[in-house]
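[1] Need a 3D model of the sequence below.
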Amino acid sequence: MAKFVEVDEEQLLRDQKLRGLIEKVMADPEAAVLVEQAVKKIDPNAKTPKLDARKAVAEPVDQLRKEMADFIKAQNEDREKREAEANRATITAKVDAGFAKLRQAGWTEDGIKSVEALMNEKGLLDPLDAADLYEKRNPPPLPTTPTGGAWNFPEIPKDGGNDYEKLLIDSKGGNDLIAEREALSVLNEIRGANRR
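    Predicted coordinates:
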């Protein structure tokens, strides 16, 4: 038996208008899902068939999208890792080649360690550049040569004369004193040329 409730005409018109609006909204698939989302937010236990159906269709696609995104990310990370390793290998080869060139040029292990320390200090990657900077900061000492004075070689014959020539010929280059005399003579000539 139907129960009748008395309402005024204005309330009846509002209810009919609201019912028509809800019927139109629920007839549109997009709008119906939005209404079900709103209902679900207020009442988590409410039945939402259109929203549930959409989720059932969207979940495998979303899962596939996630797997593709993860795959692409892994590929990019792998490529970046390979590029970084290739760059490190190139830099290492350049550094090793630079140290090899320094060794060929006569650098000692202590000198190479000093260059390496400078590279670490200044963040340099090229040992040859670091060696240039090291040499600029630490120039080699000037060669020291005695200036003036005599070396007093008492057994060395005096310049010229038969005694000197005779000793030179007789020794056939085996007399150290005569060789030292010649070396001293050459050094004095070089010193004289440098003073000009």
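[2] Report all helices and strands that the longest helix seen in the chain contacts.
    Among the elements of the chain assigned as helix by DSSP state H, the one spanning the most residues is helix 49-104. Other elements packing on helix 49-104 under the criterion 3 or more C-beta pairs under 8 Å, 6 or more residues apart in numbering; DSSP states H and E are helix 29-42, helix 109-122, helix 127-137. Just so you know, the C-beta spots here come from the backbone N, C-alpha and C atoms, and that holds for glycine as well.
[3] The ones you listed: lowest mean pLDDT?
    For the helices and strands packed on helix 49-104, mean pLDDT drops lowest on helix 29-42, to a mean of 81.
[4] tell me what it is packed against?
    Helices and strands touching helix 29-42, as assessed by 3+ C-beta pairs under 8 Å, 6+ apart, comprise helix 9-27, helix 49-104.
[5] Go through the ones you listed and name the closest to residue 182.
    Using C-beta to C-beta as the measure, helix 49-104 is the one of the helices and strands packed on helix 29-42 that comes nearest residue 182, at 33.8 Å.
[6] mean confidence score for the closest one?
    Per-residue scores along helix 49-104 average to 89.
[7] just the angle between it and helix 29-42, please?
    An angle of 90 degrees separates the directions of helix 49-104 and helix 29-42 when computed by axes from the mean of the first three to the mean of the last three C-alpha atoms, to 10 degrees.
[8] Tell me the gap between helix 49-104 and the middle of its chain.
    Its chain's C-alpha centre lies 18 Å from the corresponding centre of helix 49-104 when counted by C-alpha atoms, centre = their mean, to the nearest Å.
[9] quick one: that helix to helix 127-137, angle?
    Going by the same axes, to 10 degrees, helix 49-104 makes 50 degrees with helix 127-137.
[10] What angle do helix 109-122 and helix 49-104 make with each other?
    For the pair helix 49-104 and helix 109-122, the angle between their directions (the same axes, to 10 degrees) equals 150 degrees.
[11] Relative to residue 95, how far out is the spatially most central residue of the chain?
    Most central in the chain under C-alpha atoms, centre = their mean is residue 88, positioned 7.1 Å from the mean C-alpha point. For residue 88, the distance to residue 95 equals 10 Å [C-beta to C-beta, to the nearest Å].
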